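[1] After the sequence you'll find the predicted model.
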Amino acid sequence: MHILIGTDLTSSLLAGALSRVGSVLHLDSGLVYGSQHQIEDAQSLLEKKVVHYLNGHPTDTADMDLPQERRLSVERTPKLVLARGDMIELIIQSGASGYLDFRLLEGLYFYQDTLQKVPSSKEDIFAHQQLTLIEKRKLMKFLTSSLQQMPSGDNQIEEQQIDKDFEQHLEESGIKEKWRSVIKSALVLELNNKRLTLVEGMQRLKRHLSSVGRYGKSGLLSAMYGTSSELCQGFCRYCAVYGGTYMLDFPIESIDWSQKPYKVIGSDIKECDKLVVGSQFSHLLGLPIIRKSSIYRCIVITKQPIAEGHALIVEPSDDEDGLYCIQYTADECVCAQGYVLTLKASSKQRIEQFLEKMQVSGVCCFYEQPYRQYDTSSLPDDIVLLQDDDGDLLADGCVKEAKSVFERWYPSQPFYPPKEEQEEE
């Protein structure tokens, strides 16, 4: 028996895979699926402290009212999906696409003094007014060679230039500092100010560039009603189809992991041989924290867009994590009217400064999410504590974590058998 506590995205992916190799009991003390990846409706927002903004500044005068309850569906921890990323390939392979609907982003922008479109195709580059002719040629040559780079070539680069990082490679390719920052944040989608090796950077850049054109002009998608929460529900449905049992609103008081069978103690006692604990329930294991930081987020409900349509806006930074803002419209079924912005940065001040630069008017809800790392060395192999969400924009990291746990426990079994094999069964 496998017991999973928490229905966050990684847990939901893992539950679906485990349902193909054994029995699954999936518990959550919440009333809805998603845990840290669940949605906020208007009623839950009203219960929090909101700030009214007018032209980028807090004001006592309400510029607009919140929509009626159930007319707002906003992710607390938003994610996007690459058209050729690990998440979309898993959705196709597993057949979970029947539970989900997606929309392409209509625009990719960056903010440096002004809001500008990210040049990610030949047409974008040669139409971009901020690029000189020489810069256009160098950028076009670099992106073309990056797209043509084969995996075997990546490995050869790593062997020959093992000490070089991706930033150094951009500089040696003749890309100016401004555009190096844009490539890293908007095309590689590395917004956590992390040093990338040459191989990591080139692989991620190629993944994004090759995603453009698969389903349309953009390489990024979001699920209708909210990507993270809908992915959680979709893979929980998959798990249920293959025999998984779900218990929401289950009060979880403690975990006895001193010996097998492990016991999850709540309104009654559930026993298992393998246990997965979502990060929101990490306190039940009593493990020491070795590192702690915070991720700052903001939800904005506004009548005025800051970009065109459903879009991603990034603001790079050299000395701290970059900021990103996803703009949703009514077409994504996130709001009935107007626009919703979801922002993430390394500080509340950074978000406030961005709202001022963009002269945003609307209702803002600021919140902070913990990012903790635990000492898990005392846990037996049959118990896994999942990580807090690290603020990564893409959902691929959750696939990687879930697959890692599954392959550790069942190295000879496929992580989600292909759809054709499922139909034969």
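    Cool, the structure landed.
[2] got the contact list for the residue nearest to residue 166 when sequence neighbours are not counted?
    Leaving aside its sequence neighbours, residue 166 sits nearest to residue 201 (CB to CB, 6 or more residues apart in numbering; 2.8 Å). Bear in mind the C-beta positions are built from the backbone N, C-alpha and C, glycine included. Residues counted as contacts of residue 201 (CB atoms under 8 Å, 6 or more residues apart in numbering) are 165-167, 169, 184, 188, 190.
[3] And residue 382, by the same measure?
    260, 262, 273-275, 409 are the contacts of residue 382 under CB under 8 Å, 6+ apart.
[4] what do you get for residue 210?
    84, 147, 219.
[5] any chance of the contacts of residue 201 in TSV, plus neighbour count, pLDDT and distance to residue 24?
    Below are these laid out as TSV (neighbours: other CB atoms under 10 Å; pLDDT from 0 to 100; distance: CB to CB, whole Å):
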residue	neighbour count	pLDDT	distance to residue 24
165	16	83	42
166	23	82	40
167	19	81	43
169	20	83	44
184	24	86	39
188	23	87	36
190	23	84	34
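[6] While we're on the closest residue to residue 213 other than its chain neighbours, how confident is the model there?
    Leaving aside its sequence neighbours, residue 213 sits nearest to residue 219 (CB to CB, 6+ apart; 7.7 Å). Residue 219 carries a pLDDT score of 90 in this model.
[7] Next, the contact list for residue 219, please.
    82-84, 120, 208-213.
[8] 7 Å - rerun?
    Residue 219 makes contact with 82-83, 208, 211-212, according to CB atoms under 7 Å, 6 or more residues apart in numbering.
[9] What of residue 214?
    Contacts of residue 214 by CB under 7 Å, 6+ apart are 83-84.
[10] Helix, strand, or coil at it?
    Residue 214 falls in the coil class when you classify it by DSSP: H, G, I helix; E, B strand; the rest coil.
[11] Wait, a strand at residue 230?
    No: Residue 230: not assigned to a strand; according to three-state DSSP it is helix.
[12] That one: how many residues sit nearby?
    25 (other CB atoms under 10 Å).
[13] now do residue 346
    Around residue 346 there are 20 residues (other CB under 10 Å).
[14] Looks like it contacts residue 323 (just checking).
    No: contact criterion CB atoms under 7 Å: residue 346 and residue 323 do not qualify, at 8.0 Å.
[15] related to what we said a few turns ago, which one of the contacts of residue 382 is nearest residue 367?
    Among the contacts of residue 382, residue 275 lies closest to residue 367 (CB to CB), at 29.3 Å.
[16] can you list contacts of the helix or strand harbouring that closest one?
    Per DSSP states H and E: residue 275 is located in strand 274-277. Strand 274-277 is contacted by residues 2-5, 11, 14, 257, 262, 284-285, 382-386, 405, 409 when judged by CB under 7 Å, 6+ apart.
[17] centre of the chain versus the following helix or strand past that strand, how much separation?
    Downstream of strand 274-277, the next assigned helix or strand under DSSP H and E is strand 289-302. When distances are taken as CA atoms, centre = their mean, to the nearest Å, strand 289-302 is centred 13 Å away from the chain's centroid.
[18] so where is the stretch 51-200 of the chain shaky, pLDDT-wise?
    The stretch 51-200 of the chain contains residues with pLDDT under 70 at 61-70, 121-122, 126, 129, 149-163.
[19] so how many other residues sit close to residue 202?
    Residue 202 - counted by other CB under 10 Å - has 22 other residues nearby.
[20] what about it, which helix or strand?
    helix 198-211.
[21] any idea how far that helix is from the chain center?
    17 Å.
[22] tell me which residues of that helix are tucked away?
    198-209, 211 (16 or more other CB atoms under 10 Å).
[23] Not counting sequence-adjacent ones, nearest residue to residue 383?
    Residue 383 sits nearest to residue 275 (CB to CB, 6+ apart), 4.7 Å away.
[24] rewinding a little: C-alpha coordinates for the helix holding residue 202, PDB please?
    The C-alpha trace of helix 198-211 is given here as PDB (Å, rounded to 0.1, in the frame of the first residue of the first chain):
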ATOM      1  CA  LEU A 198      26.900  25.500 -20.900                       C
ATOM      2  CA  VAL A 199      25.100  22.200 -21.500                       C
ATOM      3  CA  GLU A 200      22.200  23.100 -19.200                       C
ATOM      4  CA  GLY A 201      21.700  26.500 -20.800                       C
ATOM      5  CA  MET A 202      21.900  25.200 -24.400                       C
ATOM      6  CA  GLN A 203      19.500  22.300 -23.700                       C
ATOM      7  CA  ARG A 204      16.900  24.600 -22.100                       C
ATOM      8  CA  LEU A 205      17.300  27.200 -24.800                       C
ATOM      9  CA  LYS A 206      16.900  24.500 -27.500                       C
ATOM     10  CA  ARG A 207      13.800  23.100 -25.700                       C
ATOM     11  CA  HIS A 208      12.100  26.500 -25.700                       C
ATOM     12  CA  LEU A 209      13.000  27.400 -29.300                       C
ATOM     13  CA  SER A 210      11.900  24.000 -30.600                       C
ATOM     14  CA  SER A 211       8.600  24.500 -28.700                       C
END
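[25] and after that helix, which helix or strand comes next?
    Taking DSSP H and E, what comes next after helix 198-211 is strand 220-223.
[26] Surely residue 362 and residue 305 touch.
    No: using CB under 7 Å, residue 362 is not in contact with residue 305; the gap is 10.7 Å.
[27] need the helices for the chain, in chain order.
    9-18, 42-46, 86-94, 122-127, 133-148, 151-160, 166-172, 177-182, 198-211, 227-241, 348-357, 396-409, 419-424 (DSSP state H).
[28] mind checking which of the ones you listed is nearest residue 329?
    Going by CB to CB, the one of the helices of the chain nearest residue 329 is helix 227-241, 14.7 Å.
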